[in-house]
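Q: have a look at this prediction, sequence included:
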Amino acid sequence: MTARLEDRGDRLLVVNANTSRRNALTPEYYDVLARALQQAGEARVASVILHGDGGYFCAGGDLTQLATRRDLPRDERLARIEALHDLVRGIMACPVPVIAAVEGGAAGAGASIAFACDMIVADPGATFTAAYVEAGLVPDGGLTANLARHLPRAMLMRMALLGEAVTADRLHALGAVSEVSDDPLAAAMALADRLAQGPTGAQGRIKALVNAAYATDPATQMDAERDAMAEAVAAPEAAEGIGAFLAKRRPDFAKVRA
């Protein structure tokens, strides 16, 4: 078993368990993560957490498998890449926040998956590497798109052109990593606790707005905010949140989830 899904009630924990290959991606991991993203649409689920067994998040694509693709027809090569891209799109479109708990490091497509998440919690010395160039390859999985939102161009160029690793500490200082912790999984679980206490419907709308903001002009984004607010204010979560504020009590959003 190279991957498993642990159902923790209000959160889903996706574990990459391909430890003999530093958690390189496998078809089983793709299936498990896709299943978790589908289940994230259930009202009880407030977050999805990605983690790797054995002290390492993910080493990316398995080069022994990639080596066999060079002789495939172009359409088949494109289809294999699209499978990763569909997974990354699924993370970004997931209706609840997705948190990456990164120990040791994330390389190649593993880094692509981590940076597609809404929050990254990593141990301070964990490294993030876009070392495709060392194998004569180029980044995929949205890595350049997502890192360009956070990193200076010169730094991204060094990561991509030279394959240089960057520590979580440095990426945290630049805003690309949400939090550093000596125990990333425990810290990710603490974030999940906070999310579970909040209005998951509103959180989903916020996630969609923030993701759209990076690729949308201000006028269009304001229209999207207007539409999302019009939906949110009429939802049961708003009735509970506003009522709790006026009554000077803590809101209980769990009781109004569909």
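A: Everything's here; your move. None of these values were measured; they are calculated from a predicted model.
Q: make it CA atoms for all contacts and neighbour counts henceforth
A: OK.
Q: Leu13 reaches Asp53, doesn't it?
A: No: at 11.7 Å, Leu13 does not count as touching Asp53 under the criterion of CA atoms under 8 Å.
Q: neighbour count: the two, which is higher?
A: Leu13 (23 against 17; other CA atoms under 10 Å).
Q: any idea of the mean pLDDT in the helix or strand hosting that one?
A: Element membership for Leu13 (DSSP states H and E) is strand 11-16. Averaging pLDDT along strand 11-16 yields 98.
Q: what helices or strands is that strand leaning on?
A: Identification of packing neighbours for strand 11-16 by 3 or more CA pairs under 8 Å, 6 or more residues apart in numbering; DSSP states H and E yields strand 3-7, helix 27-39, strand 47-52.
Q: identify the residues contacting the first one?
A: For strand 3-7, the external contacting residues (CA atoms under 8 Å, 6 or more residues apart in numbering) are Leu12, Leu13, Val14, Val15, Asn16, Ala17, Asn18, Glu28, Tyr29, Val32, Leu33, Ala36.
Q: who's in contact with the third one?
A: By CA under 8 Å, 6+ apart, Val14 lies in contact with Ala3, Arg4, Leu5, Glu6, Val32, Leu33, Ala36, Val48, Ile49, Leu50, His51.
Q: swap in the first one?
A: For Leu12, the contacting residues are Leu5, Glu6, Ala36, Ala40, Val45, Ser47, Val48, Ile49, taking CA under 8 Å, 6+ apart as the criterion.
Q: go again with 10 Å.
A: Neighbouring residues of Leu12 by CA atoms under 10 Å, 6 or more residues apart in numbering: 5-6, 33, 36-37, 39-40, 45-50, 98, 192.
Q: also Leu209?
A: Gln203, Thr216, Gln221, Met222, Ala224, Glu225, Ala228.
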